[in-house]
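Chemist: Next one to model:
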Amino acid sequence: MRILNEIENQLVEMGIYFEVFDMIKIIDAESCKVLEIENGCIKKLDVDCIETFGLSKRCKNCSALKAYNSKEQVLKLEYLQASVFLVLSVPLYYGENLIIAEMLKDITKSSNVGNHFSADQELSNLIDNLNNLAIEKIASL
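Modeler: Numbering: from 1, shown residues only. Next up is the predicted model:
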């Protein structure tokens, strides 16, 4: 429990109130594996991050990998399973290990995002286009 408190404290120090999120995952961004912290040790579970949403491959705009590489917070929107998710990926150090806390909030019902589109596909395409623009912008830096 002390280790989880340490991670929570790091988030709070950054001004991130993790309580507003629906889900928090700790991720090894390089392997795309979900991590578990047990008895002071980090261990990789046999669960890929992508399995959370039933995907078969890493997101092309993987915010966990971007946060890992840039060592900065990364925010994105994802449209998955007819829901819009706000995803915040935050790099944290646990000892010498750089890990990613990925926090997700289903904003489908708590925002007006879905009210302006006639079909799920239209909303999905818009979010994909925004993510592609972000990918292109980062690649050009």
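Chemist: quick one: low-confidence parts of this protein?
Modeler: For the chain, residues meeting the criterion pLDDT under 70 lie at 1-4, 17, 37-41, 111-128, 130-141.
Chemist: for it, longest strand please?
Modeler: Looking across the chain with DSSP state E, the single longest strand is strand 83-94.
Chemist: so what secondary structure elements neighbour the next helix or strand after that strand?
Modeler: The helix or strand immediately downstream of strand 83-94 is strand 97-106, counting by DSSP states H and E. Where contact means 3 or more C-beta pairs under 8 Å, 6 or more residues apart in numbering; DSSP states H and E, strand 97-106 is packed against strand 23-28, helix 63-70, strand 83-94. Where C-beta positions appear, they are placed from N, C-alpha and C, glycine not excepted.
Chemist: chain center to the second one, what's the gap?
Modeler: Averaged C-alpha coordinates place helix 63-70 at 10 Å from its chain's average position (C-alpha atoms, centre = their mean, to the nearest Å).
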